[in-house]
Every structure is written in C-alpha cells, then in structure tokens.
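Student: 3D, please:
(2 chains)
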Amino acid sequence: MVQIPVRVLVVDDEKDFVEMLSLRLEESGQKVSAAHDGAECLDKMKKERFDVVILDIRMPGMDGIEVLKQIKKIYPLVEVIMLTGHGTAETAVAGMKLGAFDYLLKPADFEDLMEKLEGARKRKEEQEERIRKAEAKLLVRRAGGMS
Amino acid sequence: MENGSIQVLLVDDEEGFRQAIARRLDRRGLAVRQAEGGEGALAILAESAVDVVVSDVRMPGMDGLELLDRIKQGYPEIEVILLTGHACADDGVAGIKSGAFDYLCKPIEIDHLTEKIRQARDKIQRREEKRREAEYRRRMEEQMIATERLASLGTLATGVAHEINNPLAIIKEAAGWMTLILNKPEMEGAPRRADLQNAAGKIEDAVERARRITHQLLGMVRKSEGADMTDVSLDALLAESIALIYKEALNRDIEITRWVDEAVRSIHTDPYQLRQVFINLITNAVHAVGKNGRVIVTAQPEGDRVAITVKDTGEGIPKEHLERIFEPFFSTKAPGKGTGLGLFVTRNIVEKLGGRISVESRVGQGAAFIIELPRKKTKT
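Tutor: Numbering: from 1, shown residues only, chains lettered A, B, ... in the order given. Reported below is the predicted structural model:
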C-alpha cells in the first residue's frame, strides 16, 4: 500500500517532545514541521500548507484554544488534534466544539495518534472533495444559465 | 457505673461492726462486699469491679494504710475512705497524704459515711468524664491532622502527576521512535538489534505503567467539576459492578453476594462515579480474600442516608495499616501490582458525592469498608 504522507504541523512548547514526536512521525512516513508556540504556528501556516495540526493546549503566551480559534477562522479546512494533560480534558471537549477533530491525553498512545491523524486527513479530503463538487455544480449551473 | 448502685468494699476485722455497717449501707441502696483484712480485700478487688473501698486502719496483718498503698498502685481508679479510731486523727491525715479520698472517725455516723461514699463516686465519675473528653478531643485532633495531611498529599500528588506527564510523553516518543527504526527492514542484521529492541520495549512498558499512575491520580481532579447526579437503582448498579469482577472471583473460588434493603432500592447520585467506587472496593475485597472465601455487599438505610458495606473474609488489616490505608501511594502489594491509589481515589469520590467512607477490620477477621451516602437530592 502506497502511503500518502500527511502534512503535519506539531505545536508544543516542550521542545524535546516536539523533536521526538516529529522524528517518529517522519519515520512512519509523514511530512512534519514543528512550532513551539502559537505565533510560530500561525506564521508557519502562512508560508506552508498543512493537512493536520497537532496542538498542545497548555502553552505560554497564546494558549491552544486561542490558536485553534485562529486556525479555524483563517484555515477552516485544516484539521486540528488537541494534545492535553488529564486535568484539561474539559478544555479539550471545548476545543472540539470549536471545531477540533479530536483530542489525545498526554502521554498519548502512538497507535491512537496515527489513527486520529488518518481520520483527520480523511475528513479534510472529503471536505475538499465536497467543495470541489459544489463548485463544479455551481459552474455547470452558471454555464447552463448562459445558454 | 452512672446507673446502678455504687459498688462498695467494706474492710474491717471486727465482724459485728462490719456486718452492721454493711446492712445499713445496703438499705441505703449501695452494693456492699465485705473483707475482714487487707489480703481478703485485695483478693476481692482482683475479681470484681469496685468503686469505693471503705477500710478500717487498725487491722491485724496488712493494716489500712498499707492496703491503701496497694490499691493506689494496682487500682488507681478506686477511691478509698479510711475509718480511724476516735483518737487517731494522725492515721487519717497520713491516709489522705497517701491518696485516700477522706477519713472518718469511729464511731461512724452512717448517713455521713453514705454521703462520703457518694462524694467519692462523684469524684470518680468526674475523672472518667474528663478522661473521656480528653480522649475525644485527642481523636478529633488526630482526625483533623489526618484529613489535612491527606488533602495536602493529594494536591501535591496531582501537581506532580501533571508535571510528570510531559517528560513521560517525551520518553515514550523517543523509545517509540527507536523501536520504529530498529524494526525497519534495513536494520535487519544490525549488531545487537534484538537487545536494543528489548530495551526499547521495556522503556515503553515502564512509561505505560507510570502513565496509568498519573492518569489515575488526575482522574479525580478531572471529575471535580461536578458530578452527574440522577436517580439510580442501587441494586442494579451493584449487580453491574459485581458482574465486572465476577469472573476473576470465580477463578479464585470466591463467592460474591449482595443484599439491598427495600428502602434503599433507589438513590440520587452519580452512577458512573459510584460504580467506580464499587468496583474499587469489591476488587480490593476479592484480592484481600485471595482464594476461597466470600465477599458480601449490603445496603441498608441509615437515617436519611444509605450505608453500603463491602465485607470480605480475608486476612484483615493490621492496625498500623488502617491509619494509612486512604493515603495516596500506600500499598502492600508488590511493586507494579498496585498503584496505592485505589482507596485514595475512592475516598475522594465518596466525599465528592457527599458521603463518608470508613473501614473496620481486625487481623484474622476480614475487613469491612462502609460507605455512607445521601439517599435523596440535597437542597441547594
């Protein structure tokens, strides 16, 4: 099976964690970038296209929820998976109401993460597919109107 | 002692005098025993409960003052009234110096003696009350200290758990990454590949173990945001909890029985959290029994509360463990077998549900954990 790499952005203020998770994701075939705070995350997203953002909730400065709101506002199609400590599971649920795809408790199970990553990528593709079809329909209708 | 008559021991070598006094005290509602000397008196004291000793001073063999000394040594609770000859006030004074309640000079005015005996009894009661009060205060203080210590330990433990999750996540990712590389086909034939794979696997297992601990600790913090209260069938909830442990119990030849009083069929509580409590307590009970025994779960009304008891026929818990059993990380299981958090978390949940948990146990006689919970919705 040929794997299509997911373009992932990992955002966490724990640098060692970001490094290790990135290495592992890359090793399993994904295309990974890293950011260590909210501002850097949004900056990277301006320059590069991503499918999924793995986002820590507890970060100094702009916290995960704030970053999530910004992402969903500017890039509504990009899927976000929240990473959270146990005590902030409620925040994670709030995050899902704001449009996050899912959340994981730290330390997360890698299999779980891969599954959710795949799920997030799929949802993004389906969403893009629907938009393409809708746009096509719109074009056809316009074309029809002209004739 | 407050109710019932005062137990008096009358000691005098003059039989006629002794009998007369005894009779008259008896008529005034006192329970009187008699001895004709010090040795006889001590023999009676060794066998029966006496409140007040009334003793002559001048007696052949052991005299009244020596008897007084022996009583003060062996039975400090007993009060002693001395009877002295009319010219022997010195004896009386010496007696009071060695701890007698009072002395009376012969000839004895019986009402006076009765009154003295009652006063001596009152003194004993006051002393007893004071002792009980001091004991009560001491226990309250101990309890408060224990509660505070548990609370601060809990705060510390959850704080630590939070901070430890981050490094745990790093260790886990690093070990996972190494495993990923080691498992790649290109690493086939790499030197000591199996050793490294084994070590990386061990690291991952250990992280998993640590993760279970931190998440269990944090589990109760997460729930602090409020319980999901609803009317629940206590019987069904217990049945469901038992069913989850039933198989393990069966393998160990342990019978789990439950009995729920009609009056507490339904209670208002958070079923998910209460089920966690039941599972923890019943699992503990099954582990305590080990093999071949019984676990009995009962629910009974207790005023407007319900008392749920989980009793086992296991080894019982030694006294020194009873005091620490609800502390976080206190466990007598082998390392890696128990986190030492089950009862700590259980207690936290029960208190959050407005209840109390206590334990009763003696070595060799099993243990009983009792949860008291509100039955109905509390007005807010």
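
Student: Now B:His268: which helix or strand?
Tutor: Following DSSP states H and E, the helix or strand that holds B:His268 is strand B:266-269.

Student: How far away from the center of its chain is that strand?
Tutor: 28 Å (CA atoms, centre = their mean, to the nearest Å).

Student: Same check on stretch B:240-247?
Tutor: A distance of 29 Å separates the centroid of the chain from that of stretch B:240-247, by CA atoms, centre = their mean.

Student: buried set for it?
Tutor: Residues of stretch B:240-247 classed as buried: B:241-242, B:245 (neighbour count, 16 or more other CB atoms under 10 Å in any protein chain shown). (C-beta placed from N, C-alpha, C; glycine too.)

Student: Which helix or strand lies directly C-terminal to whichever helix or strand B:Lys172 is part of?
Tutor: In this structure, B:Lys172 sits in helix B:110-182 according to DSSP H and E. Once the chain leaves helix B:110-182, the next helix or strand it forms, by DSSP H and E, is helix B:193-222.

Student: Would you mind getting the angle between that next one and helix B:110-182?
Tutor: Counting by axes from the mean of the first three to the mean of the last three CA atoms, to 10 degrees, helix B:193-222 lies at 140 degrees to helix B:110-182.

Student: and residue 110, how many neighbours does it have?
Tutor: Using chain A. By other CB atoms under 10 Å in any protein chain shown, 19 other residues sit near A:Phe110.

Student: Correction: the question concerned chain B.
Tutor: Counted by other CB under 10 Å, the residues lying close to B:Ile110 total 15.

Student: surely it meets B:Arg23?
Tutor: No: counting by CB atoms under 8 Å, B:Ile110 stays clear of B:Arg23, with 9.9 Å between them.

Student: So B:Phe101 versus B:Val80, what's the distance?
Tutor: 6 Å (CB to CB, to the nearest Å).

Student: try B:Val359
Tutor: Separation of B:Val359 from B:Val80 (CB to CB): 43 Å.

Student: Which of the two has more residues huddled nearby?
Tutor: Taking other CB under 10 Å, B:Val359 and B:Val80 do not tie; B:Val80 has more neighbours (27 against 16).

Student: after the helix or strand harbouring that one, next one along is what?
Tutor: B:Val80 belongs to strand B:79-84 when assigned by DSSP H and E. Counting by DSSP H and E, the next helix or strand C-terminal to strand B:79-84 is helix B:89-97.

Student: picking up where we left off before, specify the angle between the helix holding B:Lys172 and strand B:79-84 in degrees.
Tutor: Counting by the same axes, to 10 degrees, helix B:110-182 lies at 150 degrees to strand B:79-84.

Student: Is there contact, residue-wise, from helix B:110-182 to chain A?
Tutor: Yes: applying CB under 8 Å from any CB of the partner chain, one finds that helix B:110-182 is in contact with chain A at B:158, B:161-162, B:165-166, B:168-174, B:176-177, B:180-181.

Student: Contact residues of chain B facing chain A?
Tutor: Residues of chain B lying near chain A (CB under 8 Å from any CB): B:158, B:161-162, B:165-166, B:168-174, B:176-177, B:180-181, B:207, B:211, B:214-215, B:218-219, B:221-222, B:225.

Student: could you flag which of these are buried?
Tutor: By neighbour count, with 16+ other CB under 10 Å, the residues of chain B next to chain A hold B:158, B:161-162, B:165-166, B:168-174, B:176-177, B:180-181, B:207, B:211, B:214-215, B:218-219, B:221-222 as buried.

Student: show me what contacts B:Val93?
Tutor: Counting by CB atoms under 8 Å, 6 or more residues apart in numbering or on different chains, B:Val93 touches B:Tyr103.

Student: do you know how far it is from chain A?
Tutor: Distance of B:Val93 to chain A, given as CB to the nearest CB, to the nearest Å: 74 Å.

Student: circling back to that earlier point, helices and strands around the helix holding B:Lys172, which ones?
Tutor: On a contact count with 3 or more CB pairs under 8 Å, 6 or more residues apart in numbering or on different chains; DSSP states H and E, helix B:110-182 meets helix A:15-27, helix A:110-146, helix B:15-27, strand B:52-56, strand B:79-84, strand B:102-105, helix B:193-222, helix B:342-352.

Student: Out of these, which gets nearest to B:Ser266?
Tutor: Nearest to B:Ser266, of all the helices and strands packed on helix B:110-182, is helix B:342-352, at 18.7 Å by CB to CB.

Student: CA atoms only for that closest one - export them in PDB, please.
Tutor: Output in PDB follows, covering the C-alpha atoms of helix B:342-352 (Å, rounded to 0.1, in the frame of the first residue of the first chain):
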ATOM      1  CA  GLY B 342      -7.400   2.900  44.600                       C
ATOM      2  CA  LEU B 343      -8.700   3.800  48.100                       C
ATOM      3  CA  PHE B 344      -7.300   7.300  47.900                       C
ATOM      4  CA  VAL B 345      -9.400   7.900  44.700                       C
ATOM      5  CA  THR B 346     -12.300   6.000  46.200                       C
ATOM      6  CA  ARG B 347     -12.400   8.200  49.300                       C
ATOM      7  CA  ASN B 348     -12.200  11.300  47.100                       C
ATOM      8  CA  ILE B 349     -15.100  10.300  45.000                       C
ATOM      9  CA  VAL B 350     -17.200   9.300  48.000                       C
ATOM     10  CA  GLU B 351     -16.600  12.700  49.600                       C
ATOM     11  CA  LYS B 352     -17.400  14.400  46.400                       C
END
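
Student: got the buried residues for it?
Tutor: By neighbour count on 16+ other CB under 10 Å, the buried set for helix B:342-352 is B:342-350.

Student: Which SSE is immediately downstream of that helix?
Tutor: For helix B:342-352, the succeeding helix or strand toward the C-terminus, using DSSP H and E, is strand B:356-361.

Student: Report all helices and strands that that following strand contacts.
Tutor: Counting contacts by 3+ CB pairs under 8 Å, 6+ apart, strand B:356-361 is packed against helix B:342-352, strand B:367-374.

Student: Identify all contacting residues around that strand.
Tutor: By CB under 8 Å, 6+ apart, the residues outside strand B:356-361 that reach it are B:316-317, B:322, B:325-326, B:346-347, B:350-351, B:367-372.

Student: List only buried entries from those residues.
Tutor: Buried members of these, scored by 16+ other CB under 10 Å, are B:316-317, B:325-326, B:346-347, B:350, B:367-372.
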